[in-house]
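Participant: Can you look at this prediction? I've put the sequence above it.
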Amino acid sequence: MSKRLFYLIGLVVIGAMVLGACAPAATPTPEVVVEEVIKTVEVIKEVEGETITEYIEVTSTPEPAPDKPSGEILIWGWPAADQAFDTIMAGFNEEYPDITVTYEMIPGMAGGTRDALSTALAAGEGLPDISMIEINDIDRFVMQGGLVNLLQEPYNAGKYEDDFVAYKWDQAMTPDGRLLAFPWDIGPASLFYRRDVFENAGLPSDPESVAEMLSTWEGFIETGQQVADPANNVFWMGNASQIPYIYYAHKNFFDEDYNVAINNPETKQLLEYAKQVRDLGLDAQSTFWTEEWYSMLANGQIATTISGSWFGGFLKSWIDPEGACNWGVAPIPEDPQQNWGGSFLAIPEKSENKEAAWAFIEYTMGNVEPQNAIFEAVDYFPALIPAYDDPLYNEPDPFFCDQATRVLWAEIAQSPGLIFTTPMDSAAEAAFNAEVAKMLNEDLDSQETLDAAEQAIQEQTAQDREFLMRLLGIEE
């Protein structure tokens, strides 16, 4: 008679036997411990129609845990990254006690860090082990090279791809499929406004009322006329150029065939709104990221500013740390699904401790707990999607007078609208911004400005586009 044998194996008993061996006292050495695990398993057989149960002991020796990386690493970045790293350093030190982390905040914010990194990469020396890279500069380094491909061994960063906002991941990818930086934060965009300035103008300052008043660009300009008081140095916004910029903040300059895609009626209308703000004297004509601009924001001389969620951390930490309850947050008029900014962490190829550098990046950027601790501290909105399930995203923020700002940002983060990015965006953005500034400062025609911007972008990205086409194997 034929026999059939079926096995159902389940763990019943687990025992541990610890065997130790110590060297002679005269020459002491660390104790070597080997754990042998004895498992008793139940085996159920069916033999010739009968069910038979047997118990078998199995002994196995588990693989020893791999050594954790150690040594020193240096990180370059800009504020408020230092506060972000302070927030999670205790947890990192607990996980990696033998890694010493030093971080240096480079003067000049993101631009200063970009220039320092680019110079050091070109020189091949004086490099950190990790550098922050801002979204506006990532394509420069994608083209320049000199950074580790994080998809290769031993990093294997590709296992995290599905956990990150897609466009953010794609921005750090080279056209030939290498990942040269790891996503940190994104910038769900919103309009930051001064509650006290609105109240001084006799207007409601609660977020719901402000959102309704500013739901269109026409409403935005009409409200600005009620709030601004240029004679007393109170302006509606810092610079009118923010209106078109938010739609082209390092994105959407090109179509999917890498042709310039800005010359359209929608963009022309945005330029008209910016011209109207300037003509009415509603903007301070200030330069962003200057001491004058910071001072005007903190002193209530600028009523609104458009920025990414990370700007909340800037307000709290160094622009207006005493301004709790002076600020509120509202959606961008008409098309609130916008993103502005965000950053990455990258490892230079000439880092002397790549293993420890990757341990830091993987711990801080790839895990929910440190990402949300950073977000709570400095408003760097995670690109890590699983982080959004935390209850803190529904909590009120005391700095913004208990407004639940993160609810708005989470909605934008998960449906950011149309975003198409390329390695040519930095050059395109610089050309576009220059023509918009020229239009505002010289009172030029909006359509002529668009034509000039289109031509400037084509000329200033021609070499990069040719290189990109070669990498993609596209013949024209």
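Facilitator: Structure's in. What do you need? Numbers count the residues shown, from 1 in each chain.
Participant: use CA for all of it now, contacts and neighbours both
Facilitator: Fine.
Participant: how about Arg178, phi and psi?
Facilitator: phi -110, psi 150 (degrees, to the nearest 10).
Participant: again, but for Trp340
Facilitator: The phi and psi values for Trp340, taken as degrees, to the nearest 10, are phi -130, psi 110.
Participant: Then Tyr388?
Facilitator: Main-chain dihedrals, Tyr388, degrees, to the nearest 10: phi -70, psi -10.
Participant: separation between it and Arg406?
Facilitator: Summarising the geometry, the distance separating Tyr388 from Arg406, computed by C-alpha to C-alpha, to the nearest Å, is 10 Å.
Participant: now swap in Pro69 and tell me
Facilitator: With the distance defined as C-alpha to C-alpha, Pro69 ends up 35 Å from Arg406.
Participant: out of those two, which sits in the busier spot?
Facilitator: Arg406 (23 against 18; other C-alpha atoms under 10 Å).
Participant: tell me which element the more buried one is part of?
Facilitator: Using DSSP states H and E, the element containing Arg406 is helix 405-414.
Participant: so how many other residues sit close to the closest residue in space to Ile457 that isn't next to it in sequence?
Facilitator: Here the nearest residue to Ile457 in space, its sequence neighbours aside, is Ala428; by C-alpha to C-alpha, 6 or more residues apart in numbering that works out to 5.0 Å. Residue neighbour count, defined by other C-alpha under 10 Å, stands at 27 for Ala428.
Participant: Contacts only, for Ala428.
Facilitator: For Ala428, the residues meeting the contact criterion (C-alpha atoms under 8 Å, 6 or more residues apart in numbering) are 253, 457, 460-461.
Participant: May I see the residues you listed arranged in CSV, with secondary structure and pLDDT as well?
Facilitator: Putting the contacts of Ala428 into CSV (DSSP: H, G, I helix; E, B strand; the rest coil; pLDDT from 0 to 100) gives the following:
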residue, secondary structure, pLDDT
Phe253, coil, 96
Ile457, helix, 98
Gln460, helix, 95
Thr461, coil, 94
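Participant: Would you mind giving the residues you listed as CSV with neighbour count and distance to Val165 added?
Facilitator: As requested, the contacts of Ala428 are arranged in CSV below (neighbours: other C-alpha atoms under 10 Å; distance: C-alpha to C-alpha, whole Å):
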residue, neighbour count, distance to Val165
Phe253, 26, 20
Ile457, 23, 27
Gln460, 15, 29
Thr461, 19, 27
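Participant: Farthest-apart pair in those residues, please.
Facilitator: Across the contacts of Ala428, the longest distance by C-alpha to C-alpha is 12.8 Å; it joins Phe253 and Gln460.
Participant: follow-up on the earlier one: give me the contact list for the helix holding Arg406.
Facilitator: Residues from elsewhere that reach helix 405-414 (C-alpha under 8 Å, 6+ apart): 165, 186-190, 309, 329, 331, 336-339, 381, 388, 393-397.
Participant: go on, stretch 147-157?
Facilitator: Contacts for stretch 147-157 (C-alpha under 8 Å, 6+ apart): 141, 158, 178-182, 346-349, 358.
Participant: Can I get that stretch in PDB, CA atoms only?
Facilitator: The C-alpha atoms that make up stretch 147-157 are tabulated as PDB, following Å, rounded to 0.1, in the frame of the first residue of the first chain:
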ATOM      1  CA  LEU A 147      27.800  61.500  -4.900                       C
ATOM      2  CA  VAL A 148      27.300  57.900  -3.900                       C
ATOM      3  CA  ASN A 149      24.600  55.900  -5.700                       C
ATOM      4  CA  LEU A 150      22.400  54.800  -2.800                       C
ATOM      5  CA  LEU A 151      20.700  52.100  -4.800                       C
ATOM      6  CA  GLN A 152      23.900  50.000  -4.900                       C
ATOM      7  CA  GLU A 153      25.300  47.700  -2.200                       C
ATOM      8  CA  PRO A 154      25.600  48.100   0.800                       C
ATOM      9  CA  TYR A 155      23.000  50.900   0.900                       C
ATOM     10  CA  ASN A 156      20.100  49.200  -1.000                       C
ATOM     11  CA  ALA A 157      18.000  52.300  -0.600                       C
END
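Participant: Any idea how far it is from the middle of the chain?
Facilitator: Put simply, stretch 147-157 sits 19 Å off its chain's centre (C-alpha atoms, centre = their mean, to the nearest Å).
Participant: Now it: buried residues?
Facilitator: Neighbour counts using 16 or more other C-alpha atoms under 10 Å place 147-151, 155, 157 of stretch 147-157 among the buried residues.
Participant: who's in contact with Ile332?
Facilitator: Listed by C-alpha under 8 Å, 6+ apart, the contact partners of Ile332 are 189-191, 214-215, 306, 338.
Participant: Put together CSV for these, with neighbour count and distance to Pro230 on each row.
Facilitator: Formatted as CSV, the entries for the contacts of Ile332 read as follows, by neighbours: other C-alpha under 10 Å; distance: C-alpha to C-alpha, whole Å:
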residue, neighbour count, distance to Pro230
Ala189, 28, 27
Ser190, 27, 24
Leu191, 19, 21
Leu214, 21, 20
Ser215, 18, 24
Ile306, 23, 20
Gln338, 24, 29
